[in-house]
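**Q** dropping a prediction and its sequence here:
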Amino acid sequence: MDNAQLTARIKELKAKKNALIVAHNYQVPEVQDVADFTGDSLELSRKAATAKEDIIVFCGVKFMAETAKILSPGKKVLIPRPDAGCQMADCISVADMDEYKKKYPGAAMVGYVNTTAAVKTRLDYCVTSANAVDIVKKIPEKQVVFVPDRNLGMWVQKHVPEKELILHTGRCYVHHKFKKEDVLNARAAHPEAKILAHPECLPEVLELADEVASTAGMLKYVKTSPAREFILGTEEGHIHRMKKERPDAVFYSLGNAQVCFNMKLTGLGHVLNSLEKEVTEIILDAETIERARKPIERMIAM
Ligand code: 13P
Ligand code: SF4
């Protein structure tokens, strides 16, 4: 089957089974195009939680599908590629969290949404790249253990100097590759362009960017900006989504286009297989769901 045939079959089956397909902004173009909704990691889970459909096909990486399951325990959440992990999310374990708690008993445990469901059971607050600064500002504890992304943690520390952040050593291998020289070269090559960087980038990149934002924040910025050229310091898949929102604008990658291999594992064939066989279902035990839900709900409430 070619892409058009696969897309037609997916749409037919989706309607028949009352399923919703959501795709992260980094997914391959054809998967983004077949999805009912594309967005950033938290937007997708929130969408899944409020959806009327009984089955959610989550095209993204595993921690995102787990977050959707935590927020919609009554639904069947399927991930077409269960092997799609996130190196950053996988770099911290429950044992590491328990160690931090022992060492800093009075600190608030704050974790990026890029964490496994098991690690979320140890968090007081969950944050996303879009709200990390605001949430850390608002929490009462002065000392904060922040996991797993060090670059995002440093960005938060810079904006919330009144708190003491204890940072883990995690990083996103995709965003960590952008360097200061890439920003300087991009500015010289496209002086009219706005430079947008994801907070998972190095501080030297964030300092020079015009805007630091999550993938959803970048979209918001681009939709309302009078600029016609944009340079994106994030995974290259986001350009497809951006072009849809601003067909009149030109988009460039910051330096060499960077790819998250796990985000590219899912193809239309996998989406169809997932819908047909209802695989692979995200299964989490009730206790994990209950405990992991609390830090996410606290974040949403804030
Ligand atoms: P967003 O929440 O900004 O979509 O980012 C998710 C992610 O994995 C970034 O690398
Ligand atoms: Fe994880 Fe980075 Fe890929 Fe996002 S881009 S899923 S943080 S490895």
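**A** Arrived safely, thanks for sending. Ligands and ions are numbered 1, 2, ... in the order given.

**Q** can you tell me how far the residue nearest to the spatial centre of the chain is from residue 128?
**A** The residue lying closest to the centre of the chain (Cα atoms, centre = their mean) is residue 41, at 3.6 Å. Counting by Cβ to Cβ, to the nearest Å, the gap from residue 41 to residue 128 is 7 Å. All C-beta spots, glycine's among them, are computed from the backbone N, C-alpha and C.

**Q** where's residue 198 relative to residue 161, distance?
**A** As for residue 198, its distance to residue 161 is 22 Å (criterion: Cβ to Cβ).

**Q** the more surrounded of these two?
**A** More crowded of residue 198 and residue 161, by other Cβ atoms under 10 Å: residue 198, with 27 against 8.

**Q** quick one, what contacts the closest residue to the more buried one other than its chain neighbours?
**A** The shortest distance from residue 198 to any non-neighbouring residue, by Cβ to Cβ, 6 or more residues apart in numbering, is to residue 234 (4.3 Å). When contacts are counted by Cβ atoms under 8 Å, 6 or more residues apart in numbering, residue 234 touches 174-175, 196-198, 215, 218, 258.

**Q** same check, this time on residue 114
**A** By Cβ under 8 Å, 6+ apart, the contact set of residue 114 is 41, 63, 86, 88-89, 148-149, 172.

**Q** doesn't it belong to a helix?
**A** No - applying DSSP: H, G, I helix; E, B strand; the rest coil, one finds residue 114 to be coil, outside a helix.

**Q** how about it: what's its closest non-neighbour residue?
**A** residue 89 (4.7 Å).

**Q** okay, the one you found: pLDDT?
**A** At residue 89, the pLDDT value in this model is 98.

**Q** how many residues are close by it?
**A** For residue 89, the neighbour count with other Cβ under 10 Å is 25.

**Q** correct me if wrong: it contacts residue 116.
**A** Yes - proximity of residue 89 to residue 116 meets the contact threshold set by Cβ atoms under 8 Å, at 5.7 Å.

**Q** before we move on, the earlier item: spatially, which two of the contacts of residue 114 are the most separated?
**A** 41 and 148 (14.0 Å; Cβ to Cβ).

**Q** contacting residues for residue 206?
**A** Per Cβ under 8 Å, 6+ apart, neighbours of residue 206: 151, 155, 197, 199, 212.

**Q** what about the third one, neighbour count?
**A** Close neighbours of residue 197, defined as other Cβ under 10 Å, add up to 27.

**Q** who is it paired with across the strands?
**A** residue 212, residue 233 (DSSP bridges).

**Q** residue 87: which element?
**A** Assigned by DSSP states H and E, residue 87 falls within no helix or strand.

**Q** touching, it and residue 174? I think so.
**A** No - counting by Cβ under 8 Å, residue 87 sits too far from residue 174 to count as a contact (9.1 Å).

**Q** which one of those two has more residues nearby?
**A** It is residue 174, of residue 87 and residue 174, that has more neighbours when counted by other Cβ under 10 Å, with 23 against 17.

**Q** how about residue 166, secondary structure?
**A** Assigned with three-state DSSP, residue 166 falls in the strand class.

**Q** ok, whichever residue of the stretch 1-150 of the chain sits closest to ligand 2 - contacts?
**A** In the stretch 1-150 of the chain, the residue that lies nearest ligand 2 is residue 86 (3.2 Å; Cβ to the nearest ligand atom). Contact partners of residue 86, counting by Cβ under 8 Å, 6+ apart, are 61-63, 114, 172, 262.
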